[in-house]
Structure formats: structure tokens, C-alpha cells
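Student: attaching a predicted model along with its sequence, questions to come.
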Amino acid sequence: MKTTSGKVIVKPNKNDEVSKGGVILPDYSIKTLSGVVIYGSVTFGNNNVIAINDKTVIYEKIDAREVEVDGEMLHVIREEDILVIL
């Protein structure tokens, strides 16, 4: 699976939907998500491209496009919408 230029495919973590106290959070209260990059890279500085496959990233939920592939929900986001690479 590949994306067009500037896009990243992320498998979102399910634990973002439950608080530390075990309370299930409604969709509208979750502003940022974390997930593992399945495919993608980011560009830094003077066209230095770094592959970030298998890295955990944090991104805003509003920027994610949901797609279903083989029964699994994935998010497609623009590389500039990644807030943090862990």
C-alpha cells in the first residue's frame, strides 16, 4: 500500500478512546490521536526525506481521513499535520 506525495497512512491506537480512569470518551471530546505509521515519510529542511514507517505519531483527529482496508480502519493524513514523531 502506498500513498500520494505528502500523505501518511496511520493505524490509530484504540486506547485513545478510553481515559486513564477507564471512562469511555465520546468522539467529540478527543482532539488528538496517536497511531503507528504503516507507510509514509516526512520532509525536513532542504528536501531531507526521512521514512517514518513503524514510528508512533500524534496528530489532530480533525485532519485524518478514515479509510477501511481489509476490515481495518486506517487514517490518511498529510505529513504537515503530524504534530509529534515519537
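Tutor: Cool, got the structure.

Student: residue contacts, Lys7?
Tutor: 40, 76-79 (Cβ atoms under 8 Å, 6 or more residues apart in numbering). For glycine as for every other residue, the C-beta is placed from the backbone atoms N, C-alpha and C.

Student: try 10 Å
Tutor: By Cβ atoms under 10 Å, 6 or more residues apart in numbering, the contact set of Lys7 is 39-41, 65, 76-79, 81.

Student: kindly give a single PyMOL line that selects the buried subset of those.
Tutor: To isolate the buried members of the contacts of Lys7 in PyMOL, using 16 or more other Cβ atoms under 10 Å:
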select buried, resi 39+40+41+76+77+79
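
Student: so among the contacts of Lys7, where is pLDDT lowest?
Tutor: Ranked by pLDDT, the contacts of Lys7 bottom out at Ser41 (84).

Student: same question for stretch 53-63, mean pLDDT?
Tutor: Averaging pLDDT along stretch 53-63 gives 90.

Student: which non-adjacent residue is nearest the residue nearest in space to the middle of the chain?
Tutor: Central residue of the chain (Cα atoms, centre = their mean): Val10, 4.1 Å from the mean position. Spatial nearest neighbour of Val10, chain neighbours left out: Gly35 (4.0 Å); criterion: Cβ to Cβ, 6 or more residues apart in numbering.

Student: all good on my end, thank you.
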